[in-house]
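Novice: after the sequence you'll find the predicted model.
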Amino acid sequence: EAGVAQSPRYKIIEKRQSVAFWCNPISGHATLYWYQQILGQGPKLLIQFQNNGVVDDSQLPKDRFSAERLKGVDSTLKIQPAKLEDSAVYLCASSLGTGVNTDTQYFGPGTRLTVL
Amino acid sequence: GQSLEQPSEVTAVEGAIVQINCTYQTSGFYGLSWYQQHDGGAPTFLSYNALDGLEETGRFSSFLSRSDSYGYLLLQELQMKDSASYFCAVEGRGSTLGRLYFGRGTQLTVWP
């Protein structure tokens, strides 16, 4: 079974530039998550999708971050414009999302973003 | 809100047993998970406790005591490849079911 795919793996941009990350979850997984992991910290949830609908985006800085999952499969996360403090690893995770009980989340390798 | 505390670093030698503690303050949660993350790698699920008590999975065991707001991950027969960061995470319940709140992680170094 293929895992969660993310691209690019690394990205270096200057502040005020825009950047986009892509995630393809495990086939059949209805729930998709984007996390931000700053160096030395645990992952912090940015947004959670159930199929193509947003379940939770309370931690997403909506003035600069946006995410979509139009067809309920792959997803993109965009930052526009980027700030220095956005330097982090952006992790995508997916789970079955049955809603009955807890599901294991499977993480992708992440995109390491450096903002100069 | 959710707040989790873990030691920042733990060291041990190969073959030893190590316990990584996690204390938490939450407004309610469904279960406690543990994830392993090697440098530059993805977090990988290790163990989950929905109920109080011990869960054993091979060399790894996890424990939860809701009355003490405390859990731990026990790693036995340590191997060099166990050197990694370990995160505890509580899972929200109700409208936040599925949402994980992570601690800051514990860096485990295993020496030969």
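Specialist: Cool, got the structure. Numbering: from 1, shown residues only, chains lettered A, B, ... in the order given.

Novice: isn't residue B:49 up against residue B:63?
Specialist: Yes - counting by CB atoms under 8 Å, residue B:49 does reach residue B:63; the two are 7.0 Å apart. The C-beta positions use only the backbone N, C-alpha and C, and glycine is treated the same way.

Novice: neighbouring strands - and their directions - for the helix or strand harbouring residue B:35?
Specialist: Here residue B:35 sits within strand B:31-37, counting by DSSP states H and E. The strands beside strand B:31-37 in its sheet (DSSP bridges) come out as strand B:44-49 (antiparallel), strand B:84-91 (antiparallel).

Novice: can I get the CA coordinates of the first one in PDB?
Specialist: Pointing back at strand B:44-49 there. Extracted in PDB, the C-alpha atoms of strand B:44-49 (Å, rounded to 0.1, in the frame of the first residue of the first chain):
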ATOM      1  CA  THR B  44       5.000   7.100  12.700                       C
ATOM      2  CA  PHE B  45       2.300   5.800  14.900                       C
ATOM      3  CA  LEU B  46       3.500   3.500  17.700                       C
ATOM      4  CA  SER B  47       0.700   3.000  20.300                       C
ATOM      5  CA  TYR B  48      -2.700   4.200  21.500                       C
ATOM      6  CA  ASN B  49      -4.500   4.100  24.800                       C
END
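
Novice: show residues contacting stretch B:32-45.
Specialist: The contact list for stretch B:32-45 (CB atoms under 8 Å, 6 or more residues apart in numbering or on different chains) reads A:4, A:43, A:91, A:93, A:104-110, B:22, B:24, B:46-49, B:60, B:62, B:64, B:71, B:73, B:83-91, B:100, B:102, B:105.

Novice: rerun that using 7 Å as the cut-off
Specialist: A:43, A:91, A:104-105, A:107-110, B:46-49, B:62, B:64, B:71, B:73, B:84-91, B:100 (CB atoms under 7 Å, 6 or more residues apart in numbering or on different chains).

Novice: next one: phi and psi at the residue of chain B at minimum distance from chain A?
Specialist: Closest approach between chain B and chain A, counting by CB to the nearest CB: residue B:102, at 3.0 Å. Taking degrees, to the nearest 10, you get phi -90, psi 150 for the backbone angles of residue B:102.
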